[in-house]
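[1] A structural model of the following input is requested.
(one chain, ligands or ions: 1)
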Amino acid sequence: MAKTIQAIRGMNDCAPTETPLWQWVESKVRGVLANYGYSEVRMPIVESTPLFARAIGEVTDVVSKEMYTFWDNDEQLTLRPEGTAGCVRAAIERGWIYNNEQRLWYMGPMFRHERPQKGRYRQFHQAGVEIFGIPNAEVDAELIILTARLWKALGIDQHVSLQLNSIGSLEARANYRSVLVEFLQQYTDLMNDEEKERLVKNPLRILDTKNEALQDALNGAPKLLDYLDDDSREHFAQLCSLLDAMNIRYEINPKLVRGLDYYNKTVFEWVTSALGAQGTVCGGGRYDGLVEQLGGHASPGVGFAMGLERLVLLVQEVNHNIPVENAVDIYMVYQGEGTTVAAFKLAEQIRSEQPQLRVMLHCSGGNFKKQFKRADKVGAKIALVIGESELQNNQVVVKHLLSGADQQTIALDNVIEHLKTEF
Ligand code: HAM
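    Here you go, the predicted model:
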């Protein structure tokens with residue numbers, strides 16, 4: 001036998017037995033987004049590399065070591081590691097946000113060259129929202145309220161919690177950065193090489209270190225919230241009071257800074273303890289400077305993205321009430337001279353007149369026994385059976401595969417009417 005070729009590490013197939021759950025999760029996401037009047041956009045999976053370098057930041061993990069980048073003649077291209085940069089690029093290029101508000105969402109694959117483990121993959125899927133043109137805290141609150149509604153719809157609301165922080169304006173962060181670096185310099189002996197590098201290039205990222213000794217030391221670190229500019233402080237207070245009024249529980253986490261450089265003011269993450277190390281199911285925040293930084297007319301932005309693999313895993317873990325549906329309602333069984341065409345015609349007629357029904361026609365020959373076995377295997381509720389005598393008498397036999405009720409013989413002309421009593 002020829003040698004088989006395997007999938008790329010960290011890039012998964014979705015089996016036919018898994019797609020119903022994925023579709024269920026995706027339909028809940030689409031439903032809630034429609035509930036808020038948001039519009040779907042679709043962007044290319046490949047963008048020019050400098051877009052990500054400029055938007056996400058050269059020194060972030062994503063840009064410095066996780067991008068799938070290649071040359072296309074003399075242009076450097078990258079498989080999108082996230083959706084915000086491409087959405088902002090499209091919004092500027094297509095004029096979606098010029099003097100306009102937009103509430104947009106997208107869903108699709110993203111690519112990061114990370115070390116694969118449960119909940120962390122090299123190709124993964126995000127559903128994301130980006131809102132442009134609204135600087136107010138109301139919209140930050142709306143995004144969080146929307147996600148809370150989605151968790152309820154997915155049956156995972158008891159298993160996720162909200163972490164919230166404000167990282168203020170660029171200037172406030174620059175002030176804080178120098179205070180933080182001064183503080184951290186006492187602890188360089190606790191730092192590994194990567195953290196020492198971060199101390200120079202991106203010290204705020206040390207706040208969310210996994211290094212426990214350093215975490216302890218960080219409990220005494222100066223807090224970014226104490227260095228906020230007035231505008232950011234008011235924005236954050238308003239957001240918190242709206243969330244309080246809407247009964248959304250949150251924890252203010254002064255160490256939450258997020259791994260992408262474009263944020264200012266609000267940042268948030270929804271986390272779960274049910275998935276092990278990869279517990280962040282959704283992350284986002286405000287990015288008021290990004291549109292201008294990418295060459296557009298200044299326009300505030302705010303958004304989030306959730307990891308669909310993590311949501312599917314969490315739903316599997318904690319929600320055991322998902323309606324599981326078989327893919328097939330009716331299995332067409334036939335045997336004997338002339339019955340093939342009769343079965344094809346009847347199947348097509350049902351599909352036209354009862355389009356909500358899922359009809360599968362047996363195509364691989366064999367006797368009735370073999371055909372009924374297939375019908376059972378696909379989980380069909382009933383089989384419609386045409387043998388030579390049924391064909392002669394213009395009749396069909398209805399066999400109840402799931403309920404075990406007696407079989408019935410009905411006139412071909414009455415099949416459509418009869419099906420209304422079955423489903
Ligand atoms: P992010 O935090 O990098 O933010 O990713 C958002 C979510 O995508 C994560 O919380 C996680 O659920 C999922 N995710 C990230 N990497 C992986 C991976 N390797 N495998 C599986 N799931 C993963 C962003 O991407 C921002 N663009 C979010 C945003 C939109 N901020 C403003 N607007």
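[2] distance of residue 54 from the ligand?
    14 Å (CB to the nearest ligand atom, to the nearest Å). Every C-beta, even on glycine, is put in place using the N, C-alpha and C of the backbone.
[3] next one: residue 113
    Counting by CB to the nearest ligand atom, the gap from residue 113 to the ligand is 9 Å.
[4] same check, this time on residue 74
    In terms of CB to the nearest ligand atom, residue 74 sits 28 Å off from the ligand.
[5] Equivalent analysis for residue 304, please.
    Counting by CB to the nearest ligand atom - residue 304 and the ligand are separated by 5 Å.
[6] Now do the SS call for that residue.
    Secondary structure, DSSP: H, G, I helix; E, B strand; the rest coil: residue 304 is strand.
[7] Run a quick neighbour tally on the nearest residue to residue 120 once chain neighbours are set aside.
    Take residue 120 and drop its neighbours on the chain: the residue closest to it by CB to CB, 6 or more residues apart in numbering is residue 278, 4.9 Å away. Using other CB atoms under 10 Å, residue 278 has 18 other residues around it.
[8] what does the model give residue 278 for pLDDT?
    If you check residue 278, the pLDDT there is 91.
[9] so what's the closest residue to residue 119 other than its chain neighbours up against?
    Excluding the flanking residues, the one nearest residue 119 by CB to CB, 6+ apart is residue 278, at 3.1 Å. Applying CB atoms under 8 Å, 6 or more residues apart in numbering, we find residue 278 in contact with 117, 118, 119, 120, 310.
[10] hang on, residue 278 is in a helix, isn't it?
    No - counting by three-state DSSP, residue 278 is not part of a helix but coil.
[11] measure it to the ligand for me?
    Distance from residue 278 to the ligand, by CB to the nearest ligand atom: 7 Å.
[12] list the contacts for residue 391?
    Counting by CB under 8 Å, 6+ apart, residue 391 has contacts 336, 337, 338, 339, 342.
[13] With adjacent residues omitted, what lies nearest to the residue of the stretch 101-250 of the chain found nearest the ligand?
    Evaluated by CB to the nearest ligand atom, the stretch 101-250 of the chain has residue 124 as its residue closest to the ligand, separated by 3.4 Å. Nearest residue to residue 124, sequence neighbours excluded (CB to CB, 6+ apart): residue 309, at 5.3 Å.
[14] For the residue of the stretch 101-250 of the chain closest to the ligand, which three-state class applies?
    strand.
[15] swap in residue 268?
    Classified using three-state DSSP, residue 268 is strand.
[16] Please, which helix or strand holds the residue nearest to it when sequence neighbours are not counted?
    With sequence-adjacent residues excluded and distances taken as CB to CB, 6+ apart, residue 268 is closest to residue 164, at 4.9 Å. Residue 164 belongs to strand 161-166 when assigned by DSSP states H and E.
[17] which is the next helix or strand following that strand?
    Heading C-terminal from strand 161-166 (DSSP H and E), you reach helix 170-184.
[18] ok, residues contacting the helix or strand following that following helix?
    The helix or strand immediately downstream of helix 170-184 is helix 193-201, counting by DSSP H and E. The contact list for helix 193-201 (CB under 8 Å, 6+ apart) reads 59, 181, 184, 185, 188, 191, 205, 206, 209, 211, 214.
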